[in-house]
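# Let's see this in three dimensions:
(2 chains)
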Amino acid sequence: MNYFPDEVIEHVFDFVTSHKDRNTISLVCKSWYKIERFSRQQVFIGNCYAINPERLLRRFPCFKSLTLKGKPHFADFNLVPHEWGGFVQPWIEALARGRVGLEELRLKRMVVTDESLELLSRSFASFKSLVLVSCEGFTTDGLASIAANCRHLQELDLQENEIDDHRGQWLSCFPDTCTTLVTLNFACLEGETNLVALERLVARSPNLKSLKLNRAVPLDALARLMLCAPQIVDLGVGSYENDPDSESYLKLKAAIKKCTSLRSLSGFLEAAPHCLSAFHPICHNLTSLNLSYAAEIHGSHLIKLIQHCKNLQRLWILDSIGDNGLEVVASTCKELQELRVFPCDLVGVGDTTVTEEGLVAISAGCPKLHSILYFCNQMTNAALIIVAKNCPNFIRFRLCILEPNKPDHETSQPLDEGFGAIVKACKSLRRLSVSGLLTDQVFYYIGMYANQLEMLSIAFAGDTDKGMLSVLNGCKKMRKLEIRDSPFGDKALLADVNKYETMRSLWMSSCEVTLSGCKRLAQKAPWLNVEIINENDNNRMEQNGHEGRQKVDKMYLYRTVVGTRMDVPPFVWIL
Amino acid sequence: MVKEGLELEITELRLGLPGRDVAEKMMKKRAFTEMIMTSSGSNNSDQCESGVVSSGGDVDKVNDSPAAKSQVVGWPPVCSYRRKNSCKEALTTKAGLGYVKVSMDGVPYLRKMDLGSSQGYDDLAFALEKLFGFHGIGVALKDGEKCEYVTIYEDKDGDWMLAGDVPWGMFIESCKRLRIMKRSDATGFGLQPRGVEEC
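Numbering: from 1, shown residues only, chains lettered A, B, ... in the order given. Next up is the predicted model:
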């Protein structure tokens, strides 16, 4: 049925890179399925237990790039025990055995060991790019293997991982012949850094565009590094404490002025804020600024910096900026697309936080805003309604009111109407996190209006099963649903078992689902893995006579084509 | 249950009763932390310092924070890496690691020093003097009256204490940061009262 030879079709397919589109293409006909299979270069696996490496290799023998995600999202908040799973080792072993020409590996929330990194570094001659996000289980020894053995390494990007820092010499393991680095991000390493090795490495990497340093790299080293790499586009500053009159500060100022390609700035893990002025000359070039780890930067120094950043598209900040600071952002950053405001003080009520006023100001001042993550102390329905009116283009809207169940602080009403306004106005909304006092009504709105919603996070919300049912019935594009501490139970869970085949996963913890409910679900849907995570009392649930009615503490279910996983730890029970 | 009893006591201490013995508080906290570390099924030992209470009612860990409100596991939803590295809570877990920040009133920059490299308060005094090139800090640690500056430190709980009151070992374990401030400013600062003699 093809009007063109296969090679031509394959060439056309080359222009289709989104994995969703490629999945769709492969469903058109058998011939296209076959052509697409052999030409797929990048494979994305959102849940590493939905499939296994053998089947991956059978379907896509020629891929070069693999993205794998392991633990569920709530693992970020310590709700999933460390030993739950998500090991990359079997994948690397299988890919090595299958002689895959792997060039890129991107992992998120997976367990990576030094052994895995060593094997990775030795098995793929063309390996170019390693991106690890929120992973754990490895040390700087593993990094040393990567540095030493990957001859063509271009990208080593470590984001927010828990890495055991052996204070070794991993940076010196890059051979002198390694000149291909484009990205080097080791901001999350806690230990000392061999500054000499680092400077030499940067000096011999003319293609280096992204450099993110850890807190052990002091100011004078930063100055020298920037002088070596004026072509830098993305910079993560490590330690930024200094004496403003010192020679290195003056050198830094001079070096910064030369970095005319700099577009993204982050870090400032340790910072003396009044020295930020060194960056003012290049601020108008910045499109991305991440100060969310810079607890010492606030007040007037922060404001002054932001006032120079007229072209900012992405801003990550701490809530110490306050509503006043957000007003400055709103009046300065007219190109802003993404804003994240993180809480500074997790312990009690902070001295400065942000409120609904800051959010309203941003929505009014930044017409291009499409993604927001906002931690705040209080919110009102009125404010959310205004925000919805100002910004109907939200794709991601995540609001976290720090105190669970907090109502509209002016009217004491639930925040149903406010969130309702958001989902009604924002027709492209794909991701939503709700918080504050919420009844079943908000879920009625979500089910009714959030037609494009793919990911929903619920905590301490809702009254009855009707809430969850509204979402399951209404949101046709739902992929990931995660719920904690909400009164949803078996009735909602079991209402439409086939729904879960259209979703990647469902997480429910501290809800009303019972063991017998989960068992029934597992029976009805053999293509699901229904996991019960019970870390406090191993197997107590099985032994207890009233097990049926026992509420399940944590349940995680996901569709899979390969059945029960083999690496289940003792506290996980797959029904 | 013994565990529950201890928990309630700790909660009482958090209300900041005056005249409370600093050393006693340290010892109790240490013992409790040990308990948490060895309790079965506890995977979140790195969270012990921050002290969180499971929302399900199971008391694995205890509210260790100065705020009266109880906390819930995994709430607010900030990822653990961020908790450890940016928030005030993060500083709790870094106490005792050796390097602390030192600020001095009137000086526009921070310094860092390794407490572990000092052998005692005298040593510390000397090190501070070298750090800032300023004489007259050392004496302040031991003898409050003579000097223009006093040295105070922030402990694991976020309380500011006068340096020199507790045994050295206890001090370096709990000191998160140091501040050298003018004696005249210190009086209104809300320092914790000096520890009682018994240790």
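# moving C-terminal of the helix or strand of chain B with the lowest mean pLDDT, what's the next helix or strand?
Every helix and strand in chain B was compared by mean pLDDT, DSSP states H and E; the lowest is helix B:22-38, with a mean of 39. Downstream of helix B:22-38, the next assigned helix or strand under DSSP states H and E is helix B:80-85.
# can you map out the strands along the stretch 451-575 of chain A?
Taking DSSP state E, counting those that start in this stretch as the test, the strands found in the stretch 451-575 of chain A are A:455-459, A:480-484, A:505-509, A:528-533, A:554-559, A:572-574.
# nearest to residue A:374, of those?
The closest approach between residue A:374 and any of these, judged by Cβ to Cβ, belongs to strand A:455-459 at 13.4 Å. All C-beta spots, glycine's among them, are computed from the backbone N, C-alpha and C.
# quick one: that closest one to chain centroid distance?
From the chain centre to the centre of strand A:455-459 is a distance of 15 Å (Cα atoms, centre = their mean, to the nearest Å).
# before we move on, what about stretch A:476-488?
For stretch A:476-488, the distance to the chain centre is 18 Å (Cα atoms, centre = their mean).
# try stretch A:132-140
Computed by Cα atoms, centre = their mean, the separation of stretch A:132-140 from the middle of its chain amounts to 15 Å.
# For residue A:61, give me its contacts.
Shown in contact with residue A:61 (Cβ atoms under 8 Å, 6 or more residues apart in numbering or on different chains): A:37-38, A:98, A:100.
# actually residue A:26, not the one I wrote
Contact analysis of residue A:26 by Cβ under 8 Å, 6+ apart lists A:32-33, A:36-37.
# For residue A:13, see how far away it is.
Taking Cβ to Cβ, to the nearest Å as the measure, residue A:26 falls 10 Å from residue A:13.
# so what sits against both of these two?
What both residue A:26 and residue A:13 touch, as defined by Cβ under 8 Å, 6+ apart, is the set residue A:36.
# Which strands and helices lie in contact with the strand or helix carrying residue A:146?
For residue A:146, the host element (DSSP H and E) is helix A:140-149. Applying 3 or more Cβ pairs under 8 Å, 6 or more residues apart in numbering or on different chains; DSSP states H and E, we find helix A:140-149 packed against helix A:114-123, strand A:155-159, strand A:162-164.
# hmm, try it at 10 Å
helix A:114-123, strand A:129-133, strand A:155-159, strand A:162-164 (3 or more Cβ pairs under 10 Å, 6 or more residues apart in numbering or on different chains; DSSP states H and E).
# which residues touch the longest one?
The contact list for helix A:114-123, computed with Cβ atoms under 10 Å, 6 or more residues apart in numbering or on different chains, reads A:87-93, A:95-97, A:99-100, A:102, A:105, A:107, A:110, A:112-113, A:127, A:130, A:132, A:137-151, A:153, A:164, A:166.
# Off-centre distance for stretch A:553-573?
Offset of stretch A:553-573 from its chain centre (Cα atoms, centre = their mean): 22 Å.
# That stretch vs chain B: in contact?
Yes: contact of stretch A:553-573 with chain B (Cβ under 10 Å from any Cβ of the partner chain) involves A:553-554, A:571.
# Next, the buried residues of that stretch.
A:553-560, A:565, A:571-573 (16 or more other Cβ atoms under 10 Å in any protein chain shown).
# thinking again about what came up before, tell me the most packed of the contacts of residue A:61, by neighbour count.
The most crowded member of the contacts of residue A:61, judged by other Cβ atoms under 10 Å in any protein chain shown, is residue A:100 (21 neighbours).
# so that one touches residue A:58, yeah?
No: contact criterion Cβ atoms under 10 Å: residue A:100 and residue A:58 do not qualify, at 12.0 Å.
# Low-confidence regions, the chain specifically.
The chain I'm using is chain A. For chain A, the stretches with pLDDT under 70 are A:1-2, A:168, A:241-245, A:274, A:347-352, A:536-547.
# Chain B, not that one
Applying pLDDT under 70 to chain B flags residues B:1-71, B:86-98, B:108-110, B:134-146, B:186-199.
# got the angle for the helix holding residue A:146 vs strand A:155-159?
170 degrees (axes from the mean of the first three to the mean of the last three Cα atoms, to 10 degrees).
# Now stretch A:410-418: buried residues?
Residues A:414-418 are the ones in stretch A:410-418 that count as buried (16+ other Cβ under 10 Å).
# What is the nearest of these to residue A:234?
residue A:418 (36.2 Å).
# my read: the closest one touches residue A:436, true?
Yes: between residue A:418 and residue A:436 there is a contact under Cβ under 10 Å: 8.3 Å.
# Name the residues contacting each of those two.
Joint contacts of residue A:418 and residue A:436 (Cβ under 10 Å, 6+ apart) are A:379-381, A:384, A:399, A:408, A:442.
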